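> everything below, folded, please.
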Amino acid sequence: MVPVTDSDPATTPREVMIVAGEASGDLHGANLVRAMREQSPELRFYGMGGIELERAGVELLYDAAKLAVVGAVEVFSHLPDILRARRILIARLRHQRPALLILIDYPDFNLMLAKVAKQLGIPVFYYISPQVWAWRSGRVQTIKKRTDRMAVILPFEQAFYAEHGMQVDFVGHPLLDNIQPTCTPAQFKAQHHIDPLRPVIGLIPGSRRKEVAVLLPEFLAAAGLLSAAHPQPIFLLAQAPTIDTALLREHGLDRWQQQLDLRVITEDRYAMMAACDVAVAASGTVTLELAILDTPTVAAYRISPHTYWLGRLLIRGLPFFTLVNLIADQAILPELLQSAVTPQRIAQEVSTLLNNAQARSNMLTGLKEVRQRLGGPGASKRAAAIAFSLLNTRRQQNGYQS
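Now for the predicted structure:
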């Protein structure tokens with residue numbers, strides 16, 4: 001094989017490949033693209049992602065939604081799409097070598113692409129670390145070998161990599177820039193004809209079909225219990241753009257709407273979340289969004305038994321499973337996992353946050369501390385500066401590295 005260097009005429013200096021495999025990565029990647037284009041409007045981006053990257057002007061070579069799965073066991077049903085996406089992206093790396101490869105989380109897939117990029121002499125910027133601190137920490141050395149720079153968005157990740165002999169940049173969390181409610185809680189309630197004296201409880205069962213299928217029936221049944229225990233509660237059900245109404249109806253929406261004041265919210269997501277007195281949410285990025293919005297939250301998650309027990313074998317030593325509690329290094333949010341996700345437990349935890357002033361105050365204090373630990377606004381611009389430092393540095397690389 002002939003070695004490739006930065007001076008190779010096949011390398012296109014103003015093209016960047018960006019790859020995200022999850023909805024949150026798609027959003028953060030889109031903001032990074034916009035930050036880079038503010039400085040260099042002529043940059044051309046292509047890669048894999050979703051609607052947010054497409055809206056930012058990225059040419060999608062493959063739709064990441066086809067690869068979206070929950071848990072290791074479920075990966076097998078999506079294997080043909082994963083392999084197809086891999087072939088398409090590798091082909092573009094080889095035949096239209098970009099000046100930079102930006103990877104966002106999604107470790108198994110992205111580290112494979114990083115290996116190919118290093119072989120081709122393409123610099124690699126890993127933005128948003130995979131959760132190697134949770135499991136398979138041995139991948140740190142693989143990341144070190146296959147990437148040129150890494151930026152992390154969670155404060156404890158920087159210390160983790162330092163312990164493993166790797167220097168990374170903490171750029172702050174991009175959610176601090178993203179979360180901008182379109183109106184105040186009072187304005188939202190007025191727009192939706194919500195009596196300000198009635199308790200408002202948010203139901204956020206996730207953005208993946210399987211999450212919703214598993215969690216929504218439990219959330220709705222908990223709403224039934226809460227309606228019997230509290231004076232005229234209003235329930236706001238957040239419908240993600242990836243979820244159609246038919247799925248909500250299949251899992252109990254019609255029946256419970258006949259019994260409860262239950263309203264489906266499809267827009268003004270952050271304003272809706274900020275207007276809630278308490279939210280029940282699928283564990284994930286949304287719990288961090290709710291923390292930034294100062295909304296007391298009960299986190300819940302349930303995956304297939306096989307995936308759960310496999311995870312128990314692989315993930316050891318983590319005291320919590322929500323990002324909020326991991327960042328705080330203490331139990332700020334109640335965490336309900338697997339068999340603990342029941343209507344009774346959900347209703348109990350929500351009632352505590354509605355009725356117990358001390359419990360509510362303690363949680364709000366903890367959420368404030370979490371927000372402070374996330375750093376200041378401007379994560380996307382700081383990440384863009386790192387990307388440009390790689391674009392502007394002429395790398396001399398001979399041969400191939402694994």
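> mind picking out the helix or strand in the chain with the poorest mean pLDDT?
The helix or strand of the chain with the poorest confidence is helix 305-314; it has a mean of 53 (mean pLDDT, DSSP states H and E).
> now the element after it, going C-ward?
For helix 305-314, the following helix or strand on the C-terminal side (DSSP states H and E) is helix 323-328.
> which stretches in the stretch 301-402 of the chain count as strands?
Counting by DSSP state E, counting those that start in this stretch, the stretch 301-402 of the chain has strands at residues 335-337.
> where does it dip in pLDDT?
Counting by pLDDT under 70, the stretch 301-402 of the chain has low-confidence residues at 304-318, 394-402.
> let's go with 80 and repeat that
For the stretch 301-402 of the chain, applying pLDDT under 80 flags the ranges 303-319, 321, 393-402.
> how about the chain?
Checking the chain against pLDDT under 80 turns up 1-13, 67-78, 131-139, 303-319, 321, 393-402.
> quick check: Asp169 vs Arg255, distance?
Remark: distance between Asp169 and Arg255 (CB to CB, to the nearest Å) = 50 Å. For glycine as for every other residue, the C-beta is placed from the backbone atoms N, C-alpha and C.
> higher neighbour count, the two?
Comparing Asp169 with Arg255 by neighbour count (other CB atoms under 10 Å), the higher total belongs to Asp169, at 15 against 12.
> surely the more buried one meets Met150?
Yes: taking CB atoms under 8 Å as the definition, Asp169 is a contact partner of Met150 at 7.1 Å.
> quick one: strands adjacent to the lengthiest strand in the chain?
Once the chain is assigned using DSSP state E, the strand that runs over the most residues is strand 12-20. Neighbouring strands of strand 12-20 in its sheet, by DSSP bridges, are strand 44-49 (parallel), strand 98-104 (parallel).
> turn the ones you listed into TSV, including distance to Phe235 and mean neighbour count.
Shown next, in TSV, are the strands paired with strand 12-20 (distance: least, CB to CB, whole Å; neighbours: other CB atoms under 10 Å):
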stretch	distance to Phe235	mean neighbour count
strand 44-49	33	24
strand 98-104	34	26
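> only alpha carbons, please: show the longest strand of the chain as CSV.
C-alpha atoms of strand 12-20 as CSV (Å, rounded to 0.1, in the frame of the first residue of the first chain):
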residue,chain,number,x,y,z
THR,A,12,-10.0,17.8,0.1
PRO,A,13,-8.9,20.5,2.5
ARG,A,14,-12.4,22.1,3.1
GLU,A,15,-14.4,19.0,3.6
VAL,A,16,-15.3,17.4,7.0
MET,A,17,-16.9,14.1,7.8
ILE,A,18,-19.0,14.1,11.0
VAL,A,19,-20.6,11.0,12.4
ALA,A,20,-23.3,10.8,15.2
